[in-house]
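# Build me a structure from this.
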Amino acid sequence: MEVKTKTKTNWYVITVQGNREKSVMERLNWEREKNNAKIDRVIVPTQKKYSLKNGKKVAKEEILYPGYVFVQTSALGELKYMLKQIKGAGGFVSTQEDPVSLTEAEVRKMITDFEDNQNKDK
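As a prediction, the model looks like this:
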């Protein structure tokens, strides 16, 4: 019987060029699926905003944290290399040279904001 140990993953914030959040997220998800990249989750939290246009209610998706993509991974080195290949991706939010992972409270808030807005849309 083979026992698999779960590697601890952390959430990191990646800076991206304006209006490139979704394309960077899609590319990271593609890398995860096609190349088995060690990425657990990639999120760009959004919410729907409604407005009136020509007398009709129009929904528009708005990014909650413009210029950022949130990634959960255990393979930081692999992700650093991948980011260099992705157009529009900057790098990690970091202190000096080391990327800073999000705290549990920050992750909870970001996930809650994201899931609350997803549930409103249903």
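# wait, R41 sits on Q72?
Yes: look at R41 against Q72 with CB atoms under 8 Å: they come within range, at 4.2 Å. Every C-beta, even on glycine, is put in place using the N, C-alpha and C of the backbone.
# Comparing the two, which residue is more hemmed in?
The neighbour comparison of R41 against Q72 (other CB atoms under 10 Å) goes to Q72, with 17 against 14.
# For that one, give its distance to V93.
In this view, Q72 and V93 are 15 Å apart by CB to CB, to the nearest Å.
# Kindly report the same for P45.
P45 is 15 Å from V93, by CB to CB.
# Same question for K38.
Distance from K38 to V93, by CB to CB: 20 Å.
# Distance from the chain centre to the lengthiest helix in the chain, please.
Taking DSSP state H as the criterion, the chain has its longest helix at helix 104-120. How far helix 104-120 lies from its chain's middle: 12 Å, per CA atoms, centre = their mean, to the nearest Å.
# With only the CA atoms kept, save that helix in CSV.
What follows is helix 104-120 as a C-alpha-only set of coordinates in CSV (Å, rounded to 0.1, in the frame of the first residue of the first chain):
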residue,chain,number,x,y,z
GLU,A,104,-4.8,32.4,6.9
ALA,A,105,-7.0,35.5,7.6
GLU,A,106,-6.1,37.1,4.3
VAL,A,107,-6.9,33.8,2.4
ARG,A,108,-10.2,33.4,4.3
LYS,A,109,-11.3,37.0,3.4
MET,A,110,-10.3,36.6,-0.3
ILE,A,111,-12.0,33.2,-0.6
THR,A,112,-15.1,34.4,1.2
ASP,A,113,-15.3,37.5,-1.0
PHE,A,114,-14.9,35.3,-4.1
GLU,A,115,-17.4,32.6,-3.1
ASP,A,116,-20.0,35.1,-1.8
ASN,A,117,-20.0,36.9,-5.1
GLN,A,118,-20.2,33.6,-7.0
ASN,A,119,-23.2,32.5,-4.9
LYS,A,120,-25.0,35.8,-5.5
